[in-house]
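Novice: Coordinates for the following, if possible.
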Amino acid sequence: MNFKKIFGAFTDNAVILFLIFCILPFLILSAYVHPCLDDFDYSEVAVKHGFFHSQYIWYKTWSGRYFSTAILSSVNPLVFRSIAGYKIITLIFILLFIYSVYYLITKIARDKISIKQKLICTLSFSYLFFYGMPTVNLGLFWLASAVIYQFANIMMTVLAALFIKFLLNENEKISFSLIASICLLIFAVEGSNEVSMLVTTIFFLMYFIGDYITARKINKYLLIFAAAAAVSACLVYFAPGNNFRLTKSPESHQLILSLKNSASDLFKFILYRLYNLPLLIFTVLFISFYYKLISDKKPEKIKLITNPVYSVSLYLILLYLGIFVSHWSLGTSTPFRTLNVIYFIFLTGWFANIIIIINYLFVKDKIKIRFIPEYAYVILCIAILISFLKETSSVKIAYKDIFSGKAGKFDSQLNERYKNIYSNNSDTVKIDSLKQIPDSFFYYDIGSDPDGKYNKLQSEYFNKKFIIVKE
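Specialist: Now for the predicted structure:
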């Protein structure tokens, strides 16, 4: 028994270290990242017009994303002319995501599992997300996209944790701070991007309706959440900027085609994810782990319980609507940066439904699962190692960018470019083109046309008349 205990502790530590190893390159790469494209657009509009007027401009002429544009016009380090700040905020967003997952797991498990077990669950989920993201470069290493989409994922994770806290509340009186926090997060998430807006709105509306049908009475708090979601959605959908964007998408608003293509894309999306070996292995381990967590409870003590038919149906509806947004509003397939949000919803919904299904079957006394020893998590490490060896593995690509020196050379070239621009007294500065760009990064360099949009933006940023790339 002592040997088993020692071996189990050693295995836990080894698994945690291995998972940290898989996430570490993304943290390291944040030291080499640089701004491009819309990063300068948001910062220069804010610098030129001020924070409040820039919000008016974005809302009237481009989109209804009132929250993400506010973030990109305020905490964007480029507003303060700080490239170092850009690297720091990239690192902060990655760490915030990991912490938000840990916070969610803590609210679900409460004090039933150890800190090590929480860390294993957190790091495993974070790895699955980073590994399976359709585009890591757009999700993590481009600030404009990270604020609009990844920060929304972070806030949705915290929102889920607070909503679970609300559902598990055993006191008749619920604190005002909890209700206010949930409403503010709903407002922030829905003001970040259209997919998060639609998914959040549908979730809270359907949850409110489902609860009313079941309980035959109105839950005032669920009504408040549904109302907050509906109002926030209206602020986004009816924004003048949305109408302006639609004029640039003549293929949009084709209902039958959008419904058909969305169904086809969702089927392919789910099928592709089911080939994810780490996801399948971790799912098996998680089922055993969670069943062990609740096995000593009395059925009446299980609170997060609903019919899996409802939860799975809601899950598929949310995924479908997330994909439908792009087909309906743009007339095109879902952009990769938007697919990052849909993948996040897929992953969180996947494990949420596992919990719901196990809870339901446990209460109905229709499930008996054999426990898998904790050291069986070594299997997960082996599965991750196998996936790590794939050429398309984001972890392998990240480490390759680091150890090949590609990321370091990219950083050095741009630092040298900035130095030359600042030291050049001429109004027109000619710069060398970049020799290489790391595969983990999204970076679109400016060109040789001084009147190009992003050439102009960088010229404004560096206080020059023209900045162009040498022919």
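
Novice: Buried residues in stretch 325-332, which are they?
Specialist: 325-331 (16 or more other Cβ atoms under 10 Å). (Each C-beta comes from the backbone N, C-alpha and C, glycine too.)

Novice: Contacts only, for the nearest residue to A398 once chain neighbours are set aside.
Specialist: Spatially, and ignoring its direct neighbours in sequence, A398 is nearest to P25 (3.6 Å; Cβ to Cβ, 6 or more residues apart in numbering). Taking Cβ atoms under 8 Å, 6 or more residues apart in numbering, we find P25 in contact with 395, 398-399, 401-402.

Novice: circling back: I'd like to know which of the buried residues of stretch 325-332 is nearest to R337.
Specialist: Distance to R337, by Cβ to Cβ, is smallest for S326 among these, at 10.7 Å.

Novice: where's that closest one, which helix or strand?
Specialist: Using DSSP states H and E, S326 sits in helix 308-329.

Novice: coming back round to it: pick the one among the contacts of P25 closest to K435.
Specialist: Of all these, K435 sits closest to D401, with 14.2 Å by Cβ to Cβ.

Novice: List the contacts of the closest one.
Specialist: 25, 29, 407, 438-441.

Novice: In ChimeraX, select just the buried ones from those residues.
Specialist: In ChimeraX, a selection of the buried entries from those looks like this (16+ other Cβ under 10 Å):
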select :25,29,407,438,440,441
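
Novice: how about JSON lines for the contacts of D401, with secondary structure added?
Specialist: Compiled in JSON lines, the contacts of D401 are given as follows (DSSP: H, G, I helix; E, B strand; the rest coil):
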{"residue": "P25", "secondary structure": "helix"}
{"residue": "L29", "secondary structure": "helix"}
{"residue": "A407", "secondary structure": "helix"}
{"residue": "P438", "secondary structure": "coil"}
{"residue": "D439", "secondary structure": "coil"}
{"residue": "S440", "secondary structure": "coil"}
{"residue": "F441", "secondary structure": "coil"}
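
Novice: Turn the contacts of D401 into a markdown table, columns for pLDDT.
Specialist: Conversion of these to a markdown table gives the following (pLDDT from 0 to 100):
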| residue | pLDDT |
| --- | --- |
| P25 | 95 |
| L29 | 97 |
| A407 | 95 |
| P438 | 94 |
| D439 | 93 |
| S440 | 93 |
| F441 | 94 |
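
Novice: Tell me the one of the contacts of D401 nearest L104?
Specialist: P25 (23.9 Å).

Novice: can you tell me how far the residue nearest to G64 when sequence neighbours are not counted sits from Y56?
Specialist: Leaving aside its chain neighbours, G64 sits nearest to A239 (2.9 Å; criterion: Cβ to Cβ, 6+ apart). Noted for A239: a distance of 11 Å to Y56, by Cβ to Cβ, to the nearest Å.

Novice: In terms of neighbours, single out the busier of the two.
Specialist: Neighbours of A239 and Y56, each counted by other Cβ atoms under 10 Å, are more numerous for A239; the result is 21 against 11.

Novice: what's the spacing between that one and I402?
Specialist: Counting by Cβ to Cβ - A239 and I402 are separated by 41 Å.

Novice: again with L279
Specialist: Taking Cβ to Cβ, one finds L279 at 25 Å from I402.

Novice: Do a quick rundown of the strands in the chain.
Specialist: Remark: strands assigned in the chain by DSSP state E are 428-431, 466-469.

Novice: looking at those, which is buried most?
Specialist: Among these, the stretch with the highest mean neighbour count (mean count of other Cβ atoms under 10 Å) is strand 466-469, at a mean of 19.

Novice: Low-confidence regions, the stretch 201-350 of the chain specifically.
Specialist: Along the stretch 201-350 of the chain, segments meeting pLDDT under 70 span 245-253, 299-305.

Novice: Without its sequence neighbours, what residue ends up closest to N340?
Specialist: G139 (4.3 Å).

Novice: List the contacts of the one you found.
Specialist: 133, 145-146, 149-150, 337, 340.

Novice: Also L414?
Specialist: L414 makes contacts with 34, 434, as judged by Cβ under 8 Å, 6+ apart.

Novice: What score does S433 have for pLDDT?
Specialist: Note on S433: pLDDT of 88.

Novice: care to break this protein down by domain?
Specialist: Domain assignment of the chain by automatic domain parsing yields the ranges 2-403, 406-469.

Novice: Out of these, which is the most enclosed?
Specialist: Highest mean neighbour count among the domains of the chain (mean count of other Cβ under 10 Å): domain 2-403, with a mean of 18.

Novice: gap between that domain and the chain center?
Specialist: Here domain 2-403 is found 5 Å from its chain centre; the criterion is Cα atoms, centre = their mean, to the nearest Å.

Novice: confidence score at C381?
Specialist: At C381, pLDDT is 68.
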